[in-house]
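*Asks:* Structural data only, the sequence is not supplied:
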Ligand code: C2E
Ligand code: CA
Ligand code: CA
Ligand code: CA
């Protein structure tokens, strides 16, 4: 009912009409999809640029829709946010991922010493206003027997732009407990760089748009300068830099030279099932 006004305009355009119908089909199936067990999670490794070892993974949710097949999060996360399902869905993703992290550490992480495997989970801005966020997160970690510092919550830069203290409070509490907070899609939100200091973040995740200019060698010199500037700013604020969308060896090499800490992308691995992640981690540990 909320989007009735928008739909009225879209009816003039047959393509938009088709999109509206699809969206409507998804809207009716979405609320029950969680109960029906139709969501699953893929994991994409996070690689230390210095030595190429797997240090963590990002959890990325998918929906196995009975009619449409596997749908990526861009197809249903906005809907889930609109309908409020994102809160239970986000909690489910967190719980599954933390349990998976426990298992992954048992299989691969026994003698990793100072570099324990870490799990990154995306947090929707809607979850920030959920009063149960901190308590649920603590419960999930405790029940799985996973320490808070094995968890990183990714929040987009745009969600935190102009955030007031009430919105930041739960993140600050989680950060105080040892949970890392990453600023996702960094560089796309036009945030005031000085603002970074007041956010409880410890990691910047540089958006893919910055690494795109480095697919070729030599890289776009302006992109290089920008990334170099962001990295030096981040490091001067004690923030680690993760880069996403690394698709080629040339990009990986440039980003390493520029001082980025961690990388993620198809060059290393596509998102995949947990077993694949275990394999990649074990291969890497044995050289
Ligand atoms: P994101 O957090 O920026 O995640 C990175 C996206 O880039 C993922 O898309 C990943 O599959 C894709 N990617 C990784 N490496 C490469 C590469 O080398 N090249 C290219 N072209 N793409 C790469 P995906 O899985 O479709 O997820 C899209 C977005 O959906 C995510 O963007 C994130 O914002 C959101 N999302 C995913 N899972 C969750 C979740 O559990 N909760 C919430 N709230 N959002 C989620
Ligand atoms: Ca992310
Ligand atoms: Ca991102
Ligand atoms: Ca992104």
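*Replies:* Noted; the coordinates are in hand. Bear in mind that the values here come from a model prediction, so they are computed numbers and not experimental data. Numbering: from 1, shown residues only. Ligands and ions are numbered 1, 2, ... in the order given.
*Asks:* any idea how far residue 25 lies from residue 75?
*Replies:* Here the distance between residue 25 and residue 75 works out to 11 Å (Cβ to Cβ, to the nearest Å). Where you see a C-beta, it was placed from the backbone N, CA and C, and this is true even at glycine.
*Asks:* Residue 91 now?
*Replies:* Distance of residue 91 to residue 75, given as Cβ to Cβ: 20 Å.
*Asks:* So between residue 25 and residue 75, which is more surrounded?
*Replies:* Looking at residue 25 and residue 75 with other Cβ atoms under 10 Å, you find the greater number of neighbours at residue 75, namely 16 against 13.
*Asks:* Figure out the helix or strand that the more buried one lives in.
*Replies:* When elements are assigned from DSSP states H and E, residue 75 belongs to helix 73-83.
*Asks:* Could you name the helices and strands sitting against that helix?
*Replies:* helix 14-33, strand 54-65, helix 86-108 (3 or more Cβ pairs under 8 Å, 6 or more residues apart in numbering; DSSP states H and E).
*Asks:* Could you give me the buried positions within the last one?
*Replies:* By neighbour count, with 16 or more other Cβ atoms under 10 Å as the criterion, the buried positions of helix 86-108 are 86-87, 89-91, 93-102, 104-105, 107-108.
*Asks:* Quick check: what element follows that helix along the chain?
*Replies:* Scanning the chain past helix 86-108 towards its C-terminal end, the next helix or strand to appear is strand 118-122 (assignment: DSSP H and E).
*Asks:* of all the helices and strands packed on helix 73-83, which lies closest to residue 154?
*Replies:* Between residue 154 and those, the tightest spacing by Cβ to Cβ is seen for strand 54-65, at 7.3 Å.
*Asks:* near ligand 1 at all, whichever helix or strand comes after the closest one?
*Replies:* Downstream of strand 54-65, the first helix or strand assigned by DSSP H and E is strand 69-71. No. Contact check for strand 69-71 against ligand 1, using Cβ under 6 Å from any ligand atom: none in range, with a minimum separation of 9.6 Å.
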